[in-house]
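Participant: following is a predicted model, sequence given first.
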Amino acid sequence: MSQRRLSPGTRSVLKAIANDPETASYCSAAALAEVAGVNVATVVRAAQAIDFTGWSELSTEIRNRFLSSLDADKHFVRNTSISAGQAVSSVGKDLELLGLLSESLSEESISTVADMITSSRSTKVLATGAYVAPGTVLAHNAQGLGYNVSISSGSTTSMINSIRLLQPGDCLLTFSIWKTSSSIVPLCELAKERGVHLIVVADQHSHLAELADQLILVPSEGVGPMASVTCAVSVAQCIVGAIANLDSQRSAEMLEELQSMWSRTQAVISD
């Protein structure tokens, strides 16, 4: 707020958010307007004044920041009390998150990432914890299409080795969702210093997100003990699809070759 000239109404909205970020992140624009003493249009304008498209995008950012501030045990206790007795609530939540993703995800950002990966000599995916899952989906399927994409998910020293092998113009893709491993940020800084292009899939505008040459924001709120990886996996699949469609003839040839190798080695069998 100190860095921008904001209207009194916008300041009231931002103060209401700061006073109770948990409530603000879950309430409607109308409910927040009532708390802030303004109208709904002012809430939307307040979001746009700080570079969000509207209240929906800003509320997702606030919610993800609030959840990332919770320790794992507090996150679990909070969600246990919210979702008690709802065995399939996580499925419903993931459907909700995918709906938010479909509204916010742009074809342009996915196409840009696909172009960055296919035009680079090598792409390394850095992933830790649960985000090894979307990282593996991306790396494995991109390899199937004939591109040099690999995942580094081991120790920090092995990740350092991976970064050292990247050359200017290569790509590094990583995740910054809920909790980010302390080693990821300095590794990305090192990569950027070496002329590597950085792609970040994140759930909020973190320092790592600001480093990115290309940023894809995803919702991640889960009802279990940890954040949801569903949207991150979906984005990985979108990127693979965009890579395949960039040169459909090449992709068909690569997949035909892959199928031939599967058959020859009997690596994959069909019932």
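Facilitator: That came in fine, so what should we check first? All of these numbers come straight from a predicted model, not from anything done at the bench.
Participant: show me the strands in the stretch 151-271 of the chain, by range?
Facilitator: Along the stretch 151-271 of the chain, counting by DSSP state E, counting those that start in this stretch, strands occupy 171-176, 197-202, 214-217.
Participant: helices of the stretch 151-271 of the chain, start to end?
Facilitator: Secondary structure of the stretch 151-271 of the chain (DSSP state H, counting those that start in this stretch): helices at 156-165, 184-193, 207-211, 230-246, 248-265.
Participant: contact partners for the residue nearest to Thr42 when sequence neighbours are not counted?
Facilitator: Nearest residue to Thr42, sequence neighbours excluded (Cβ to Cβ, 6 or more residues apart in numbering): Gly9, at 4.1 Å. (Each C-beta comes from the backbone N, C-alpha and C, glycine too.) Gly9 is in contact with Ala36, Val38, Thr42, Arg45, Ala46, counting by Cβ atoms under 8 Å, 6 or more residues apart in numbering.
Participant: now, those residues that are in helices?
Facilitator: Among the contacts of Gly9, the residues falling in helices (DSSP state H) are Ala36, Thr42, Arg45, Ala46.
Participant: circling back to that earlier point, most neighbours per residue, which of the helices of the stretch 151-271 of the chain?
Facilitator: helix 230-246 (a mean of 20; mean count of other Cβ atoms under 10 Å).
Participant: and it, what other elements does it pack with?
Facilitator: Here helix 230-246 touches helix 89-104, helix 107-119, helix 132-144, strand 197-202, helix 248-265, going by 3 or more Cβ pairs under 8 Å, 6 or more residues apart in numbering; DSSP states H and E.
Participant: give me the mean pLDDT for the second one.
Facilitator: Model confidence over helix 107-119, given as mean pLDDT, is 96.
Participant: same thing with the shortest one?
Facilitator: pLDDT averaged over strand 197-202 equals 96, rounded to a whole number.
Participant: mind showing which ranges of the stretch 151-271 of the chain have poor pLDDT?
Facilitator: Residue ranges of the stretch 151-271 of the chain with pLDDT under 70: 224-225, 271.
Participant: thanks a lot, see you next time.
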